[in-house]
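Asker: sequence and predicted structure are below.
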Amino acid sequence: NAAFDADLRRRKIDPSVVLYTDTDVLFAGDVPKRDLPPLDGYAFAGGLELFSPHKKSSSLNTGVMLIDVARFESELPGMLEYAERLRSSDLERVLRERRLRLVLDLDHTVLNSALFSELSDEENALLARRLAAQDPAAPELFRLERLGLWTKLRPPVREFLREAAPLYELWIYTMGDRRYAHEMASLLDPSGTLFDGRIISSQDSTARKTKDLDVVLGCESAALILDDSPSVWPRHGRNLLVMERYHYHPSSLKSFKIAGASLSARETDEHGPSGPLGSALGVLQKVHARYFAARDAGRAADVRDELAGVRAGVLRGARIVFSGVIPLGLPDPPAHPVWREAAELGAACSLELDTGVTHVVAGADGTSKVLWARERGKCVVKPAWLRACGYLWRRVEEERYAADGHRAAHAKQRQRSAHEPRALDRLLGQGYG
């Protein structure tokens with residue numbers, strides 16, 4: 001189509017990245033729709049294979065399609081109806097297998113990558129020694145020459161994926177580019193059987209700086225998300241399990257302006273079922289059981305409701321008063337983020353002290369509420385304690401987050417474990433002012 005090629009060149013689009021069929025125009029290669037200038041008379045549609053009448057595959061995320069609006073105006077309703085039928089039938093298939101859908105972010109959620117150039121010579125040498133010493137049958141550290149990257153898998157991610165796969169159809173969704181996404185998928189799933197091509201990269205997303213379940217087959221009521229960045233999911237917060245960020249490499253901490261030593265520098269790592277991935281797996285198993293129990297009983301089932309139910313059990317039985325956290329005179333204290341988080345975790349919150357109070361969450365030491373609590377042997381903790389409970393989906397030991405004046409009462413504190421590192425404490429300490 002010489003005329004269209006000429007039009008593309010005028011708009012500074014290389015015609016070589018465009019695929020033609022007899023009735024529509026499909027963008028191929030690594031050309032995200034956000035980088036394309038507007039074309040008069042054409043409309044963009046995400047997931048070209050889903051909407052293209054010339055493709056039989058239901059696979060998504062292979063590029064962007066340009067629809068000639070004038071030509072397809074009468075056909076679009078039918079195409080969209082077909083797409084919705086396809087989503088519904090695919091969801092029915094997954095539910096018949098008694099599975100749900102799980103969408104996984106990559107960096108800082110299930111792995112951590114760093115460019116060679118971001119690390120010092122000493123850090124690169126240290127990683128090279130670890131690479132040589134690790135078990136070749138179960139490697140977790142990878143040197144990817146073609147990408148100029150070190151990548152460290154978050155332990156125990158292989159066990160996590162193996163346990164989650166019978167319960168959830170697994171998807172990858174990253175803001176990284178397509179090449180990076182597929183390289184990371186091959187490390188996590190060498191056989192290709194767990195993700196089976198369900199990989200969404202920045203080129204496949206329908207928005208530039210955010211993520212959305214509109215590119216995942218199925219529906220919101222049956223999909224959960226594991227991601228360290230809740231801000232990139234503006235429409236799907238209720239589907240989200242927010243992960244503590246995995247900072248293995250020193251450059252990872254620096255990118256978030258967090259002081260201190262990384263896991264690599266400390267020569268330690270996360271481990272065990274009580275770490276972030278182990279905690280997340282326990283939540284996924286509970287949500288799956290609750291969802292299908294409701295479905296089997298003939299009730300409407302929604303993972304968002306079941307996830308909220310599990311979350312509400314984390315601090316059930318706790319009664320919390322805040323001190324030096326919520327500004328005095330605030331018109332609606334329950335709307336404050338800290339109050340909301342405590343309530344979502346199942347705690348009862350109050351403005352007044354009484355004998356039923358179990359915790360004082362204190363932003364400052366020495367207040368009247370803090371002194372009252374200490375006199376009565378109540379727990380006095382920093383706001384970071386709430387965030388830690390939220391990250392790990394369990395009631396975290398209060399003494400680890402005791403307000404400064406309470407530390408003397410906990411001289412025999414439990415030794416810090418690798419799955420709750422000091423870096424987490426520093427990050428959580430920044431969570432509330």
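Answerer: Received it, and whenever you're ready, just let me know what you need.
Asker: buried ones in stretch 209-226, by neighbour count?
Answerer: Going by neighbour count (16 or more other CB atoms under 10 Å), the buried part of stretch 209-226 is 211-213, 215-226. (Each C-beta comes from the backbone N, C-alpha and C, glycine too.)
Asker: tell me which of the residues you listed is nearest to R99?
Answerer: The shortest approach to R99 among the buried residues of stretch 209-226 belongs to A222, at 9.0 Å (CB to CB).
Asker: residues touching the closest one, list them.
Answerer: A222 sits next to L91, V94, L95, L100, R101, Y291, V303 when contact means CB atoms under 8 Å, 6 or more residues apart in numbering.
Asker: now stretch 329-339: how far from the chain's centre is it?
Answerer: Put simply, stretch 329-339 sits 27 Å off its chain's centre (CA atoms, centre = their mean, to the nearest Å).
Asker: sorry, wrong one. I was asking about stretch 377-390.
Answerer: Computed by CA atoms, centre = their mean, the chain-centroid distance of stretch 377-390 equals 23 Å.
Asker: repeat that for stretch 113-123.
Answerer: Distance of stretch 113-123 from the chain centroid (CA atoms, centre = their mean) equals 25 Å.
Asker: contact partners of that stretch?
Answerer: Looking at what lies outside stretch 113-123 - CB under 8 Å, 6+ apart - the contacts are 107, 124, 127, 148-152, 184, 249-252, 264-265.
Asker: buried sites along that stretch?
Answerer: By 16+ other CB under 10 Å, the buried positions in stretch 113-123 come out as S113, A114, E118, L119, E123.
Asker: which one of these sits closest to Y168?
Answerer: Ranked by distance to Y168 (CB to CB), the buried residues of stretch 113-123 are led by S113 at 24.0 Å.
Asker: which element is that closest one on?
Answerer: Using DSSP states H and E, S113 sits within strand 111-115.
Asker: now that strand: mean pLDDT?
Answerer: Strand 111-115 carries an average pLDDT of 98.
Asker: report the angle between the helix or strand just after it and strand 111-115.
Answerer: Counting by DSSP H and E, the element after strand 111-115 in chain order, helix or strand, is helix 121-133. Angle of helix 121-133 versus strand 111-115, following axes from the mean of the first three to the mean of the last three CA atoms, to 10 degrees, is 130 degrees.
Asker: helix 121-133: what's the following helix or strand?
Answerer: In N-to-C order, the element after helix 121-133 by DSSP H and E is strand 141-144.
Asker: sorry, back to before: which one of the contacts of A222 sits closest to E163?
Answerer: For the contacts of A222, the closest approach to E163 (CB to CB) belongs to L100, at 14.0 Å.
Asker: give me the number of residues near the closest one?
Answerer: Using other CB atoms under 10 Å, the number of residues around L100 comes to 25.
Asker: report the contact partners of it.
Answerer: With CB under 8 Å, 6+ apart, L100 has these contacts: V94, L167, Y168, E169, A222, A223, L224, V287, H288, Y291, V303.
Asker: pick out the lowest-pLDDT one from those residues.
Answerer: Among those, V94 has the weakest pLDDT, 90.
Asker: that one and A164, how far apart?
Answerer: Note on V94: its distance to A164, by CB to CB, to the nearest Å, is 14 Å.
Asker: of the two, which one has the most company?
Answerer: Between V94 and A164, counted using other CB under 10 Å, A164 has the larger neighbour count: 24 against 17.
Asker: can you give me phi and psi for that one?
Answerer: phi -80, psi -30 (degrees, to the nearest 10).
Asker: identify the bridge partners of the closest residue to S368 other than its chain neighbours.
Answerer: Leaving out its chain neighbours, the residue that sits closest to S368 by CB to CB, 6 or more residues apart in numbering is S323, at 8.0 Å. Taking DSSP bridges, one obtains A362 as the residues bridged to S323.
Asker: could you report the neighbour count for H288?
Answerer: Neighbour count of H288, defined by other CB under 10 Å: 21.
Asker: burial measure for the closest residue to it other than its chain neighbours, as a count.
Answerer: Take H288 and drop its neighbours on the chain: the residue closest to it by CB to CB, 6+ apart is L167, 4.6 Å away. Residues lying near L167 (other CB under 10 Å) number 20.
Asker: check G272 too.
Answerer: By other CB under 10 Å, 12 other residues sit near G272.
Asker: cool, A300 as well?
Answerer: So A300, with other CB under 10 Å, has 8 neighbours.
Asker: walk me through which strands the helix or strand containing E169 pairs with, and which way each runs.
Answerer: Using DSSP H and E, E169 sits in strand 168-173. Strand 168-173 has its sheet partners listed here by DSSP bridges as strand 100-104 (parallel), strand 199-200 (parallel).
Asker: just the residues contacting it, thanks.
Answerer: The contact list for strand 168-173, computed with CB under 8 Å, 6+ apart, reads 94, 99-106, 161, 164, 181, 184-185, 188, 194-195, 198-200, 205, 211, 215-216, 224-225, 284, 288.
Asker: pLDDT weak spots in this protein?
Answerer: Along the chain, the parts satisfying pLDDT under 70 run over 1-5, 7-8, 11-87, 218, 405-433.
Asker: grab the nearest non-local neighbour of the residue nearest to the spatial centre of it.
Answerer: When CA atoms, centre = their mean is applied to the chain, the residue found nearest the centroid is D227 (0.6 Å). Nearest non-adjacent residue to D227, counting by CB to CB, 6+ apart: D105, 4.0 Å away.
Asker: what's near enough to touch the one you found?
Answerer: D105 makes contact with Y173, T174, I225, L226, D227, D228, S229, M243, according to CB under 8 Å, 6+ apart.
Asker: dump the residues you listed into CSV; add distance to A132 as well.
Answerer: Shown next, in CSV, are the contacts of D105 (distance: CB to CB, whole Å):
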residue, distance to A132
Y173, 33
T174, 29
I225, 36
L226, 31
D227, 33
D228, 30
S229, 34
M243, 30
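Asker: and which of the residues you listed is nearest L353?
Answerer: When the contacts of D105 are compared against L353 (criterion: CB to CB), the nearest one is M243, at 35.0 Å.
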